[in-house]
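Asks: Here is a sequence together with a model predicted from it:
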Amino acid sequence: MGEKSSARKGGKQGGKMMSRVWLLISLAVAIGLWTLLSVLPQTARSFPNIIVTLGQIPVVIERGILWKDLSSSLISVGAGYALGFIIALPVAILMAWYKPVRNIIEPWIQFIRNIPPLAYVPLIVIAAGVGRRPQIIVITIATFLIMCITMYQGIINIDETLIKAARVLGARDKDIFIRVLAPASLPFVLTAIRLGASVALTTLIAAESTGAFAGLGMRIRSFNNNFETAPMLLYIIIIGVIGITVEKIIKLLERKLTGWQEKREI
Amino acid sequence: MAGEERDIKVHIDNVKKTYMGRTGEVVALNGVNLDIANNEFVTVVGPSGCGKSTLLNIIAGLLEPSSGTVTCNGKVVTGTGPDRGVVFQQYALFPWLTVKKNVMFGLNMKGINGEEAEAIAMKYIKMVDLEKFVNHYPKELSGGMKQRVAIARAYAANPEVLLMDEPFGALDAQTRTQLQQELLDTWEKEMKTCFFITHDVDEALILGQRVVIMSARPGRIKDIIDVDIPYPRDQETKMSPRFLELKNLIWSQVYQEYLEVRK
Ligand SMILES: Nc1ncnc2c1ncn2[C@@H]1O[C@H](COP(=O)(O)OP(=O)(O)OP(=O)(O)O)[C@@H](O)[C@H]1O
Ligand SMILES: [Mg+2]
């Protein structure tokens, strides 16, 4: 194929190929372990094998629950996550710019962030009732906390000499905001978006323990109550697939938009 | 040059600066007086913490003096202005902009855009020998190349006074020598008033027409040495008897201040 391409390009392509191969190996080993778990007597009951599990796909479609659960969860996650971001961005900017705001709000965020959402779900249900509303609220809170703190820490750590450099080149406050602070914060905003997406999904189960009528998290609980391990495992895998897909998309976006960055953080 | 008739560009009049530190007041500058002539190249040496950067930031208009004034072109400095440009030690390039866009930044701020700005930017990018890297991002450049971009960026904005705060401090000896030479060539081609801070006595002497020696905290001007070595100067100049003589003179003064700091 690429015999004539330069050594460096060849190496790069080779690297990509290798990482694909490793991914396949990783997948194969995982399926192997899974099969092992499905055979071992101690674990066989909670780990139906891959054929049985994937065989549940047509079943849950037929039962008419898969799309209902998927769409319900995605609506809650999407709405909560979007709201979380819309609130987090201005709060992060205010915290970075005004010391009193920071001094008051930061301890709250640090405190609440360490409480698992599942713990405060009942309070929200009492306040907001059952249905879609508490689900969105729970996800909004969880994603707001992580995104706000990530963006705030990014904005506050913007290299001050960049602002000075812009100023001596004639930039006014407006220019500094648009042409220095905004691009300098973009990497942190994108990191926040990625971490927020992951938190939104991991909070799903807690959010849907609020007496939801449908949803991936709610269904997992109900499968659990009926000892239906095969569809339960399928749903767990679906959540994982959604998570990794979203993360990959955001990572791609990060590479496209902030490729200029010197070093990449987590 | 009759002292009286020098065309004064920057006039520093009894500048004092006190910082409110965590442990109380820190007097960084205690009455600094200095006149810098038009197109003059002044270098500044002094022990770490003696207030060199503070003085530069005050001239740039990035810091306000606690008392005293800085005048540039006869106008009192109250903030940054297009007549003064700065090159920082940490390069301070905008990492999200390419070399060309970095160099164009100051022009854009002045309302010069499009092809006109590009043409000016290209001129200065050529001056620092980076035509091949116009569309590269700073992360793809070496330290020396980054500092070249920073110099081109400062030049492109066409200030009359160029303030440089240890611009070559982070570079290796070889790159440093090369950039000193380039800076001298540029200065001889396109005259500007230069105020250049350094820790390196050799650097101060090879570049400057006058070397300002600052004393340990609280910072004051201890002495000003006229460097009566004609330009063009090059690396051989560093071997000349006069250079070595002046180097010894400055070293002994700086060393004294260094001991002062240690006390
Ligand atoms: N923002 C600040 N707050 C309090 N003290 C400061 C501040 N900036 C500088 N100082 C103090 O003022 C003094 C002069 O600092 P300055 O940075 O001007 O020194 P310098 O001569 O440039 O040193 P160096 O050679 O290490 O760069 C130092 O003692 C420093 O600790
Ligand atoms: Mg300094």
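Replies: Arrived safely. Residues are numbered from 1 along each chain as shown, chains lettered A, B, ... in the order given. Ligands and ions are numbered 1, 2, ... in the order given.
Asks: What parts of the stretch 1-150 of chain B come near ligand 1?
Replies: When proximity is defined as CB under 6 Å from any ligand atom, the stretch 1-150 of chain B approaches ligand 1 at B:19, B:21, B:26, B:28, B:46, B:48-54. Every residue, glycine included, has its C-beta placed from N, CA and C.
Asks: List the residues that contact A:D69.
Replies: Residues counted as contacts of A:D69 (CB atoms under 8 Å, 6 or more residues apart in numbering or on different chains) are A:214-216, A:218-219, A:235.
Asks: care to break the chain down by domain?
Replies: You didn't say which chain, so I picked chain A. When chain A is parsed with automatic domain parsing, its domains come out as A:1-47, A:50-258.
Asks: meant chain B, my bad for not saying
Replies: Domain assignment for chain B by automatic domain parsing gives B:2-83+B:161-262, B:93-158.
Asks: looking at the ones you listed, which is buried most?
Replies: Mean neighbour count, computed with mean count of other CB atoms under 10 Å in any protein chain shown, is highest for domain B:93-158 among those, reaching a mean of 19.
Asks: thinking again about what came up before, compare the contacts of A:D69 and tell me which has the most neighbours.
Replies: Using other CB atoms under 10 Å in any protein chain shown as the neighbour test, the contacts of A:D69 are led by A:G215, with 29 neighbours.
Asks: wait, what's in contact with that one?
Replies: A:G215 touches A:69, A:72-73, A:76, A:135, A:204, A:208, counting by CB under 8 Å, 6+ apart.
Asks: what's the most distant pair in these?
Replies: A:D69 and A:Q135 (12.7 Å; CB to CB).
Asks: So what's the gap between stretch B:75-93 and the chain middle?
Replies: In terms of CA atoms, centre = their mean, to the nearest Å, the gap separating the centre of stretch B:75-93 from the centre of its chain is 10 Å.
Asks: go on, stretch B:169-180?
Replies: On CA atoms, centre = their mean, the centre of stretch B:169-180 falls 15 Å from that of its chain.
Asks: do stretch B:116-136 as well
Replies: Computed by CA atoms, centre = their mean, the chain-centroid distance of stretch B:116-136 equals 22 Å.
Asks: Need the mean per-residue confidence for that stretch.
Replies: Averaging the model's pLDDT scores along stretch B:116-136 yields 92.
Asks: Check stretch A:170-177 too.
Replies: Taken as a whole, stretch A:170-177 carries a mean pLDDT of 92.
Asks: Endpoints of it, how far apart?
Replies: By CA to CA, to the nearest Å, the extent of stretch A:170-177 from end to end equals 13 Å.
Asks: Nearest residue to the middle of chain B?
Replies: The centroid of chain B falls nearest to B:M164 when counting by CA atoms, centre = their mean (2.1 Å).
Asks: Chain A now?
Replies: For chain A, A:S198 is the residue whose C-alpha lies nearest the centre (CA atoms, centre = their mean; 1.7 Å).
Asks: Helix, strand or coil: sort out that one for me.
Replies: Using DSSP: H, G, I helix; E, B strand; the rest coil, the secondary structure recorded for A:S198 is helix.
Asks: if we can go back for a sec, please work out which of the domains of chain A is packed deepest.
Replies: Taking mean count of other CB under 10 Å, domain A:50-258 is the most buried of those, at a mean of 18.
Asks: gap between the two ends of it?
Replies: End-to-end for domain A:50-258, by CA to CA: 39 Å.
Asks: quick revisit: backbone phi and psi for the residue nearest to the centre of chain B, please?
Replies: phi -130, psi 120 (degrees, to the nearest 10).
Asks: average pLDDT for whichever strand or helix holds A:A82?
Replies: A:A82 belongs to helix A:66-97 when assigned by DSSP states H and E. The average pLDDT for helix A:66-97 rounds to 94.
Asks: Can you tell me what sits against the helix or strand just after it?
Replies: The helix or strand immediately downstream of helix A:66-97 is helix A:99-113, counting by DSSP H and E. With contacts defined as CB under 8 Å, 6+ apart, helix A:99-113 is touched by A:91, A:94-96, A:141, A:145-146, A:148-149, A:152.
Asks: Low-confidence stretches in the stretch 1-150 of chain B?
Replies: The stretch 1-150 of chain B contains residues with pLDDT under 70 at B:1-5.
Asks: where do the strands sit along it?
Replies: Listed in chain order, the strands of the stretch 1-150 of chain B (DSSP state E, counting those that start in this stretch) span B:8-21, B:24-37, B:41-45, B:67-72, B:75-76, B:84-87.
Asks: Check which helices and strands the longest helix anywhere in chain B is in contact with.
Replies: Of all segments of type helix in chain B, defined using DSSP state H, the longest is helix B:241-262. Judged by 3 or more CB pairs under 8 Å, 6 or more residues apart in numbering or on different chains; DSSP states H and E, the packing partners of helix B:241-262 are helix B:201-207, strand B:210-214, strand B:221-226.
Asks: Distance check, B:L205 against B:L246.
Replies: As for B:L205, its distance to B:L246 is 6 Å (criterion: CB to CB, to the nearest Å).
Asks: for B:I224, same thing?
Replies: From B:I224 over to B:L246 the distance is 12 Å, taken as CB to CB.
Asks: What of B:I36?
Replies: Here B:I36 is placed at a distance of 20 Å from B:L246 (CB to CB).
Asks: Could you work out the end-to-end span of stretch B:237-245 for me?
Replies: 12 Å.
Asks: Show me the helices in the stretch 101-250 of chain A, by range?
Replies: For the stretch 101-250 of chain A, the helices defined by DSSP state H, counting those that start in this stretch cover A:117-128, A:132-156, A:160-168, A:173-176, A:182-202, A:204-207, A:216-225, A:229-257.
Asks: now for those, which one comes closest to ligand 1?
Replies: With CB to the nearest ligand atom, the closest approach to ligand 1 among the helices of the stretch 101-250 of chain A belongs to helix A:160-168: 10.6 Å.
Asks: Give me the angle between the closest one and helix A:182-202.
Replies: 140 degrees (axes from the mean of the first three to the mean of the last three CA atoms, to 10 degrees).
Asks: wait, does helix A:160-168 contact chain B?
Replies: Yes - applying CB under 8 Å from any CB of the partner chain, one finds helix A:160-168 touching chain B at A:161-162, A:164-168.
Asks: if we can go back for a sec, pLDDT score assigned to the residue nearest to the centre of chain A?
Replies: At A:S198, pLDDT is 92.
Asks: again with A:P117
Replies: You'll see A:P117 listed with a pLDDT of 87.
Asks: Surely it and A:T143 touch.
Replies: No - with contacts counted by CB atoms under 8 Å, A:P117 stays clear of A:T143, the gap being 10.2 Å.
Asks: I'd like the next helix or strand past the strand or helix carrying B:Q178.
Replies: Assigned by DSSP H and E, B:Q178 belongs to helix B:173-189. Scanning forward in sequence from helix B:173-189 by DSSP H and E, the next helix or strand is strand B:193-197.
Asks: What sits closest to A:K68 if chain neighbours are left out?
Replies: Using CB to CB, 6 or more residues apart in numbering or on different chains and skipping the chain neighbours, the partner closest in space to A:K68 is A:A214 (4.7 Å).
Asks: OK, contacts around that neighbour?
Replies: Residues in contact with A:A214 (CB under 8 Å, 6+ apart) are A:65, A:68-69, A:72.
Asks: Farthest pair within the residues you listed?
Replies: Largest separation among the contacts of A:A214 by CB to CB: A:I65 and A:S72, giving 9.9 Å.
Asks: Pick the one among the residues of the stretch 1-150 of chain B next to ligand 1 closest to chain A.
Replies: Nearest to chain A among these is B:S53, at 11.2 Å by CB to the nearest CB.
Asks: Looking at B:C194 now. What's its pLDDT?
Replies: On pLDDT, B:C194 comes in at 95.
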